[in-house]
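Undergrad: what follows is a protein structure lacking sequence information:
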Ligand code: CA
């Protein structure tokens, strides 16, 4: 059996954060041909459910960068939390170093009210500034992130640390590359954590046993599928782990050159139905009929 794993932001979603009719049609065509479709994203499962519900597609979901896997009928197949002791040290470090961050649990995304306001102010300030095209694009990506469903704004980090739900993913943001590099270095040094990034202004921290690639491998193995006959479509650093697992890796047209160089193929932009183009173009090449 073949799988197609598809990232959401910058890949399946257009710049209005929607799944286009063309992309929906291509996904349904793949499913009709016996291909299992997997949404594989840094977003939380409840957020993905909302997005997919609107478009009427029923996929497997790899959420929070591989920390969760849900079946097509919403059953949780696997979940890997960040050990509690590390959640506390990550949150405290981000507090001391004054980062805007989001903490993803099974039901919610927690962020600090004050930090969120100052990050929004920073976005507003940048939007008024005279920026090059890449920075403009990054600022609009950062703003679209606030479209996620399930936010709970709290006064301080103790409100997050005192809640009992497991934490799957922590995302930290900054437009200052040096500060972000410092944070990446801090958490990459810990053997029990995995640090990836879905855009130039963020890092995303999970358990070291959670990645999009490891989750896809697990899912394909569980259903007796073939990774060699599967495809992954994405646009950024947090997609690399799944590109490395599949026979057919597809970089979006809007992906950076280093991502394109890692992939076996590339497709159109996320605003040009790049996912539909890739599926229609390559489906006959790799699909193992049921
Ligand atoms: Ca992405």
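TA: That came in fine, so what should we check first? Since the structure is predicted, the reported quantities are computational estimates derived from the model, not experimental observations.
Undergrad: quick check: buried residues in stretch 273-282?
TA: 273, 274, 275, 276, 277, 278, 279, 280, 282 (16 or more other Cβ atoms under 10 Å). Just so you know, the C-beta spots here come from the backbone N, C-alpha and C atoms, and that holds for glycine as well.
Undergrad: try stretch 118-136
TA: Buried positions in stretch 118-136, judged by neighbour count with 16+ other Cβ under 10 Å: 119, 122, 123, 126.
Undergrad: by pLDDT, give me the weakest of the buried residues of stretch 273-282.
TA: Ranked by pLDDT, the buried residues of stretch 273-282 bottom out at residue 282, which scores 89.
Undergrad: contact partners for residue 79?
TA: 67, 68, 69, 106, 166, 168 (Cβ atoms under 8 Å, 6 or more residues apart in numbering).
Undergrad: residue 108 contacts residue 148, correct?
TA: No - here residue 108 lies out of contact with residue 148, judged by Cβ atoms under 8 Å, at a distance of 10.4 Å.
Undergrad: by mean pLDDT, which helix or strand of this structure comes out lowest?
TA: Every helix and strand of the chain was ranked by mean pLDDT, DSSP states H and E. The lowest is helix 133-144, at a mean of 88.
Undergrad: and that one with the ion, contact?
TA: No - applying Cβ under 5 Å from the ion, one finds helix 133-144 separated from the ion by no less than 9.0 Å.
Undergrad: what does the stretch 1-150 of the chain put close to the ion?
TA: Counting by Cβ under 5 Å from the ion, the stretch 1-150 of the chain sits next to the ion at 7, 9, 10.
Undergrad: excluding sequence neighbours, find me the nearest residue to the first one.
TA: Right, residue 7. Spatial nearest neighbour of residue 7, chain neighbours left out: residue 234 (3.8 Å); criterion: Cβ to Cβ, 6 or more residues apart in numbering.
Undergrad: with residue 139 instead?
TA: Residue 139 sits nearest to residue 126 (Cβ to Cβ, 6+ apart), 4.8 Å away.
Undergrad: give me the average confidence score over the helix or strand where the one you found lies.
TA: Using DSSP states H and E, the element containing residue 126 is helix 113-128. Across helix 113-128, pLDDT averages out at 93.
Undergrad: now do stretch 157-177
TA: Stretch 157-177 comes out at a mean pLDDT of 96.
Undergrad: I figured the residue nearest to residue 139 was touching residue 140, is that so?
TA: No - using Cβ under 8 Å, residue 126 is not in contact with residue 140; the gap is 9.9 Å.
Undergrad: strands of the stretch 51-200 of the chain, start to end?
TA: 60-63, 68-70, 76-79, 100-105, 109-112, 151-154, 167-173, 193-196 (DSSP state E, counting those that start in this stretch).
Undergrad: any chance of CSV for the ones you listed, columns distance to residue 46?
TA: Shown next, in CSV, are the strands of the stretch 51-200 of the chain (distance: least, Cβ to Cβ, whole Å):
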stretch, distance to residue 46
strand 60-63, 8
strand 68-70, 10
strand 76-79, 12
strand 100-105, 10
strand 109-112, 9
strand 151-154, 11
strand 167-173, 11
strand 193-196, 21
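Undergrad: pick the most deeply packed of the ones you listed.
TA: Stretch with highest mean neighbour count among the strands of the stretch 51-200 of the chain: strand 60-63 (a mean of 28; mean count of other Cβ atoms under 10 Å).
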